[in-house]
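Visitor: Kindly return the folded structure for what I paste below:
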Amino acid sequence: MDARSRLLWRTWAVAATSLTLLLSFLLLADAEEWAGRGLPVKTAFSPGDLSDGHYQFAERCDLCHRPAGETLQDACVDCHQSGLDHARDTHAPGLFTNVHADELARIEARQCITCHTEHQPEITDRNSVSVSPRFCRECHGRIIHTSASHVGLTFDLCLGCHNYHDNRVQDPAFRNHHDGAPGLLADPRVPVRDGHTGRAPLPDATTGIENCSDCHPAAVESFLEGRKGMRLALALPPLTPGESRAAMKADAAHRPLHCNACHDPHRGDPPAIAVDTCLGCHDSAHARSYSGSPHHRLWQQELAGELPPGSGVSCATCHFPREKGEDGRIHSHHNPSRDLRPSDRMAATVCMHCHGLSFSLDALADRDQLQRNFREPPVARIHSIREQLETGPPSLP
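Guide: Predicted structure coming up:
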């Protein structure tokens, strides 16, 4: 071997050894210490893309994993506990006792990653579920034989009506209470949001999210829980529309999403903010179909004073739903993700201010009408609710 070849071999050996040492350090180093030195935790070893709910912090593997790769159950709960509390979790871990030992031996339903395994986009649906709905059969296998409303159904259809963590709209007491409500209620109006409280910012005040939380703690807290604000909650740069997986307008791609992206801190927000700001970024078929829709016409009539407050339906009406806060006042919840996964959560929190239960669920299940922004009445799809109202609640195993 000549001198030149020996030099090339030595160079290759040094480069390979250096790369191996670097990769080993990245794998084994404590992630918190690595991030604490001001160095980003990257995704060099990510086995696949993250789900729609988690891709925003792909560079922070340490949030969910130990250095050896173990997924932390506590990490899931720390971020999602408030959502589960809101959902009145029907499958909370505490509900599983020794009575369920046989079922838990087949499917460990108390661990989040049983159903929400990341890095597998090919089997992960839009609700971040990565197992077949047939897993319901492990515990509820007899229901297709014991419930008149479920005879003939298959377990692939379970999640069309039921949500593992929140079945409020399927609860027999809830259904019976709202039984017989018409498609459009007699007084279709959403709660009217209370006006601004607290001190107004000074003209030279800074406009960071910390300042907003001084007067609007509930709004900021809910904003940081959602997809638009979660990066700020982790001290990461704010999300931009261009980074979103949803359809967005090109000219809004680089707009940082924080409070000031929608609100002017030094002026009162005009009512049009509830539509114009949203449509300034969003470019889905649903968003494009809003203008001229029945909801939009109601909104225009409210703005013109032809209808009372709360009668119109803006983008914010549905996606920033009004609810009563701990202070007894009506606020807008600022996490639009909360009621979209799955979308039938909107029936109880949004739709049923104006519509009956069956109409609401049919509308949310009608994908064509959803894309067209509900320009026509929905096609009846959720037949099981009507059948259960007639036959009574199903018999569970």
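Visitor: rest of the way, CA atoms for contacts and neighbours
Guide: Will do.
Visitor: gap between the nearest residue to residue 324 once chain neighbours are set aside and residue 7?
Guide: Nearest non-adjacent residue to residue 324, counting by C-alpha to C-alpha, 6 or more residues apart in numbering: residue 330, 4.4 Å away. Distance of residue 330 to residue 7, computed by C-alpha to C-alpha, to the nearest Å: 74 Å.
Visitor: Pick out whichever of these two has more residues nearby.
Guide: Higher neighbour count among residue 330 and residue 7: residue 330, with 17 against 11, using other C-alpha atoms under 10 Å.
Visitor: Test my guess that the residue nearest to residue 324 contacts residue 323.
Guide: Yes. Counting by C-alpha atoms under 8 Å, residue 323 is a contact partner of residue 330 at 5.4 Å.
Visitor: Quick check: neighbours shared by the two?
Guide: Jointly contacting residue 330 and residue 323 under the rule C-alpha atoms under 8 Å, 6 or more residues apart in numbering are residue 191.
Visitor: Could you pull up the residues touching the residue nearest to the spatial centre of the chain?
Guide: A centroid search over the chain (C-alpha atoms, centre = their mean) returns residue 337, at 3.2 Å, as the residue closest to the centre. By C-alpha under 8 Å, 6+ apart, the contact set of residue 337 is 226-227.
Visitor: In what element of secondary structure is it found?
Guide: Mapping residue 337 onto the secondary structure by DSSP states H and E places it in no helix or strand at all.
Visitor: measure it to residue 94 for me?
Guide: Here the criterion is C-alpha to C-alpha. By it, residue 337 lies 26 Å from residue 94.
Visitor: List the contacts of residue 157.
Guide: residue 133.
Visitor: begin at 36 from here
Guide: All right, first residue 36 from here; so that's residue 192.
Visitor: what about it, which SS state?
Guide: Secondary structure, DSSP: H, G, I helix; E, B strand; the rest coil: residue 192 is helix.
Visitor: Give me the secondary structure label for the nearest residue in space to residue 154 that is not next to it in sequence.
Guide: Spatial nearest neighbour of residue 154, chain neighbours left out: residue 83 (4.2 Å); criterion: C-alpha to C-alpha, 6+ apart. Put simply, residue 83 is coil when judged by three-state DSSP.
Visitor: who touches residue 83 in this structure?
Guide: Taking C-alpha under 8 Å, 6+ apart as the criterion, residue 83 is in contact with 153-156.
Visitor: Just name the closest of the residues you listed to residue 51, please.
Guide: Of all these, residue 154 has the smallest distance to residue 51: 27.9 Å, by C-alpha to C-alpha.
Visitor: quick check, the closest one in a helix?
Guide: No. Applying three-state DSSP, one finds residue 154 to be coil, outside a helix.
Visitor: mind listing what it touches?
Guide: 81-86.
Visitor: Most neighbours among those residues, please name it.
Guide: residue 86 (22 neighbours).
Visitor: Could you tell me the phi and psi values at it?
Guide: The phi/psi pair for residue 86 (degrees, to the nearest 10) reads phi -70, psi 170.
Visitor: mind listing the helices in the stretch 136-285 of the chain by residue range?
Guide: Along the stretch 136-285 of the chain, the stretches classed as helices by DSSP state H, counting those that start in this stretch are 136-141, 172-175, 178-181, 193-196, 207-212, 244-250, 252-260, 265-268.
Visitor: Residue 341 is nearest to which of those?
Guide: In terms of C-alpha to C-alpha, the element of the helices of the stretch 136-285 of the chain nearest to residue 341 is helix 252-260, at 29.7 Å.
Visitor: Report the buried residues of the closest one.
Guide: Across helix 252-260, burial judged by 16 or more other C-alpha atoms under 10 Å covers 253-260.
Visitor: could I get the residues you listed as CSV with pLDDT and distance to residue 90?
Guide: Shown next, in CSV, are the buried residues of helix 252-260 (pLDDT from 0 to 100; distance: C-alpha to C-alpha, whole Å):
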residue, pLDDT, distance to residue 90
253, 88, 25
254, 90, 23
255, 93, 22
256, 91, 21
257, 91, 19
258, 93, 17
259, 92, 16
260, 89, 15
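Visitor: if we can go back for a sec, may I see the helices of the stretch 136-285 of the chain organised as TSV, with distance to residue 380 added?
Guide: Formatted as TSV, the helices of the stretch 136-285 of the chain follow (distance: least, C-alpha to C-alpha, whole Å):
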stretch	distance to residue 380
helix 136-141	27
helix 172-175	22
helix 178-181	23
helix 193-196	11
helix 207-212	13
helix 244-250	27
helix 252-260	16
helix 265-268	21
